[in-house]
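*Asks:* Quick one, structure for this:
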Amino acid sequence: MSTSKLDTSGVFDPQNQSEVRLTLSTQAIKFRSNGIEFLSSKSIPVWSEMTIDIQSPDAKKVRGSGVVVACEGNRQSGYVVSFIFMNLSKQAQERLGALCLA
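*Replies:* From the prediction side, this is the model:
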């Protein structure tokens with residue numbers, strides 16, 4: 001009798017998800033204290049890692065990576081996605097702060 005058993009559940013398999021990348025305008029998002037919210041036509045799974053480019057009115061982009069923490073809605077009205085940025089550079093934090101005030 002063996003004391004170990006081979007795991008076949010797939011729970012420890014690496015996930016081969018392609019990285020999601022979006023470009024949003026400042027009019028398409030709502031700034032929140034810990035991140036942003038935006039409307040999506042497709043549901044995005046919670047805890048998905050994404051890279052988002054925010055196009056400002058002065059044609060400058062702010063790029064940040066983070067995680068989807070909530071996605072609520074339906075196919076008819078769309079999905080409200082809550083997103084938190086992770087490891088933003090100091091410059092990106094300053095630009096986002098300026099966009100919030102604009």
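
*Asks:* how many other residues sit next to the residue nearest to Ile84 when sequence neighbours are not counted?
*Replies:* Among residues not flanking Ile84 along the chain, Gly35 sits closest, at 4.0 Å (C-beta to C-beta, 6 or more residues apart in numbering). Bear in mind the C-beta positions are built from the backbone N, C-alpha and C, glycine included. A total of 21 residues lie near Gly35 under the criterion other C-beta atoms under 10 Å.

*Asks:* quick one, what contacts Gly35?
*Replies:* By C-beta atoms under 8 Å, 6 or more residues apart in numbering, the contact list for Gly35 reads 66, 69, 82-85.

*Asks:* Strand partners (parallel or antiparallel) of the biggest strand by length in the chain?
*Replies:* Secondary structure of the chain per DSSP state E: the longest strand is strand 61-74. Using DSSP bridges, the strands paired with strand 61-74 are strand 49-55 (antiparallel), strand 78-86 (antiparallel).

*Asks:* Centre of the chain to the longest one, how far?
*Replies:* Put plainly, it is strand 78-86. The chain centre lies 5 Å from the centre of strand 78-86; the measure is C-alpha atoms, centre = their mean, to the nearest Å.

*Asks:* Just the buried residues of that strand, please?
*Replies:* 79, 81-83, 85 (16 or more other C-beta atoms under 10 Å).

*Asks:* Then stretch 89-102?
*Replies:* The neighbour-count check on stretch 89-102 (16+ other C-beta under 10 Å) flags 92, 95-96, 99 as buried.

*Asks:* what stretches of this protein score poorly on pLDDT?
*Replies:* Residues of the chain that meet the criterion pLDDT under 70 lie in 1-19, 102.

*Asks:* run the last query once more with 90
*Replies:* Along the chain, the parts satisfying pLDDT under 90 run over 1-23, 25-27, 32-34, 55-62, 87-89, 91-102.

*Asks:* Am I right that Cys100 is in contact with Phe31?
*Replies:* Yes: with contact defined as C-beta atoms under 8 Å, Cys100 counts as touching Phe31 (4.5 Å).

*Asks:* hang on, the earlier thing: the strands paired with strand 61-74: which one's closest to Val62?
*Replies:* When the strands paired with strand 61-74 are compared by C-beta to C-beta, strand 49-55 sits nearest Val62, at 4.6 Å.
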